[in-house]
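A.B. asks: predicted structure and sequence below. I'll ask about it afterward.
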Amino acid sequence: MRILVTGAGGFVGLHIVSELAAAGHTVLGLSRALPAPETRTALGEHVTFHIGDVRDHLAIEELVVAWQPTQIIHAAAITPSAEDEDTRPREIVETNDLSTLTLLTAAVRAGVERVLFLSSAAVYAETAGDSRLSENAPVRRHGGLYALTKLASEGYCRWAAGRYGLDARCVRIGPVYGFYERPTASRQAMSHVYRAVHLALRGETLRCNNPAAVYDWVSGEDVGQALLQLLTAPDLTRDTYNLAGEATTMERMVRAVTAAIPGSRVVWGSAEDANLPVPARNPRGPLDASALERDTGYRPRRTIESGIRAYVAALTSAGATTSGHAEA
């Protein structure tokens with residue numbers, strides 16, 4: 001396969017590119033900046049990076065027509081803070097929303113076989129309790145620009161499928177963690193796993209407030225594998241799929257961190273004193289990814305324990321320091 005991946009220099013994008021290249025596929029990674037030289041070397045000869053901005057619709061249309069990908073994974077996005085929404089709302093909408101329309105229409109003209117749009121669990125409305133959410137669960141009608149732009153882009157995918165017959169699928173992804181995570185201009189808020197691991201690596205005591213909070217963290221490697229299987233599955237029955245890991249408590253995740261980093265310490269207390277705070281109640285339950293497993297055979301390879309062990313090993317091998325990442 002010849003696969004165009006947008007947002008390829010970002011945290012999730014690099015994991016996707018890595019898994020696709022390891023499987024022997026030819027990948028063109030579109031990114032606003034080149035990854036570090038050591039990262040490009042590690043990804044190997046199957047990956048080429050192209051510098052560009054998904055907001056430049058004419059350039060993106062020309063790139064798709066010229067390169068003729070057989071599949072597209074659209075991962076480019078800004079995960080904005082409240083300050084970002086105040087200062088650059090147009091950039092957020094153009095990056096997260098209008099770029100999807102550009103890629104879809106270009107895919108139609110180029111005869112692309114399948115497009116995967118990376119949506120988010122953030123699109124779901126708040127729920128009571130920790131019951132698992134299927135793809136048919138209620139979605140948001142209001143909220144931040146991130147969720148609203150993801151919902152709009154999902155609508156464009158259904159429009160392109162209905163109007164042009166394009167095979168366009170949406171993948172609602174839960175919280176991701178992994179080696180390539182680091183603060184960037186497009187993503188400032190780090191995962192709980194990132195923060196816990198880096199606090200422990202710096203020798204700081206983890207101070208947490210809610211051991212029973214439930215999340216569905218998924219490793220970046222597993223995200224890449226799931227998308228690869230979605231690209232190749234012959235008979236998909238849905239236009240939208242959930243992708244997440246096992247429902248896991250904060251206590252279990254923190255215990256996995258302390259097991260992977262000898263000598264690390266944890267104290268449970270109040271939110272006011274926490275350096276790893278979580279809300280008193282998670283605004284949504286974990287995702288039900290059974291449809292993805294049923295249609296593709298995909299199952300996460302990593303538990304939270306094995307995933308964090310691999311994450312810590314990769315960071316320490318790369319010489320990650322208090323900067324948070326060797327490439328940060």
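C.D. replies: The structure has been received and is ready for your questions. Residues are numbered from 1 along each chain as shown.
A.B. asks: now do the buried residues in stretch 170-186.
C.D. replies: Residues of stretch 170-186 classed as buried by neighbour count (16 or more other C-beta atoms under 10 Å): 170-182, 184, 186. Yep, even glycine has a C-beta here, placed from its N, CA and C like the rest.
A.B. asks: please read the previous query as pertaining to stretch 219-235.
C.D. replies: Within stretch 219-235, the residues that count as buried by 16+ other C-beta under 10 Å are 219-231, 233.
A.B. asks: pLDDT, secondary structure and distance to Arg265 added to those residues, as a markdown table?
C.D. replies: Shown next, in a markdown table, are those (pLDDT from 0 to 100; DSSP: H, G, I helix; E, B strand; the rest coil; distance: C-beta to C-beta, whole Å):
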| residue | pLDDT | secondary structure | distance to Arg265 |
| --- | --- | --- | --- |
| Ser219 | 96 | strand | 25 |
| Gly220 | 96 | helix | 27 |
| Glu221 | 95 | helix | 28 |
| Asp222 | 97 | helix | 29 |
| Val223 | 97 | helix | 30 |
| Gly224 | 97 | helix | 33 |
| Gln225 | 96 | helix | 34 |
| Ala226 | 97 | helix | 34 |
| Leu227 | 98 | helix | 37 |
| Leu228 | 97 | helix | 39 |
| Gln229 | 97 | helix | 39 |
| Leu230 | 97 | helix | 41 |
| Leu231 | 96 | helix | 43 |
| Ala233 | 96 | coil | 45 |
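A.B. asks: ok, of these, which one's closest to Arg109?
C.D. replies: Nearest to Arg109, judged by C-beta to C-beta, of the buried residues of stretch 219-235 is Leu231 at 19.9 Å.
A.B. asks: show me what contacts the closest residue to the closest one other than its chain neighbours?
C.D. replies: Nearest residue to Leu231, sequence neighbours excluded (C-beta to C-beta, 6 or more residues apart in numbering): Gln71, at 5.1 Å. Gln71 sits next to Met1, Arg2, Ile3, Leu4, Val112, Glu113, Arg114, Val115, Leu116, Leu231 when contact means C-beta atoms under 8 Å, 6 or more residues apart in numbering.
A.B. asks: farthest pair in the residues you listed?
C.D. replies: Of all pairs in the contacts of Gln71, the most separated under C-beta to C-beta is Arg2 and Leu116 at 14.4 Å.
A.B. asks: mind listing which of the contacts of Gln71 are in helices?
C.D. replies: Leu231 (DSSP state H).
A.B. asks: so how far is Leu43 from Leu63?
C.D. replies: 19 Å (C-beta to C-beta, to the nearest Å).
A.B. asks: how about the helices in the stretch 201-328 of the chain?
C.D. replies: All helices of the stretch 201-328 of the chain, identified by DSSP state H, counting those that start in this stretch, fall at 220-232, 250-260, 290-296, 304-318.
A.B. asks: from the buried residues of stretch 170-186, which land in strands?
C.D. replies: Using DSSP state E, Cys170, Val171, Arg172, Ile173, Val176, Tyr177 are the members of those that sit in strands.
A.B. asks: dump those into CSV; add distance to Glu38 and pLDDT as well.
C.D. replies: Formatted as CSV, those follow (distance: C-beta to C-beta, whole Å; pLDDT from 0 to 100):
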residue, distance to Glu38, pLDDT
Cys170, 33, 98
Val171, 29, 98
Arg172, 32, 98
Ile173, 26, 97
Val176, 22, 96
Tyr177, 21, 95
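A.B. asks: list just the nearest of those residues to Ala244.
C.D. replies: Nearest to Ala244 among those is Ile173, at 7.0 Å by C-beta to C-beta.
A.B. asks: state the pLDDT value of the residue lying closest to the closest one once chain neighbours are set aside.
C.D. replies: Spatial nearest neighbour of Ile173, excluding adjacent residues (C-beta to C-beta, 6+ apart): Leu243 at 4.9 Å. pLDDT recorded at Leu243 is 98.
A.B. asks: what number of residues lie near Leu243?
C.D. replies: If you count neighbours by other C-beta atoms under 10 Å, Leu243 ends up with 24.
A.B. asks: residues contacting it?
C.D. replies: Val171, Arg172, Ile173, Gly174, Val218, Val223, Ala226, Leu227, Leu287, Ala289, Leu292.
A.B. asks: let's see 10 Å
C.D. replies: Applying C-beta atoms under 10 Å, 6 or more residues apart in numbering, we find Leu243 in contact with 118-119, 121, 171-174, 176, 216, 218, 222-223, 226-227, 230, 287, 289, 292, 298, 300.
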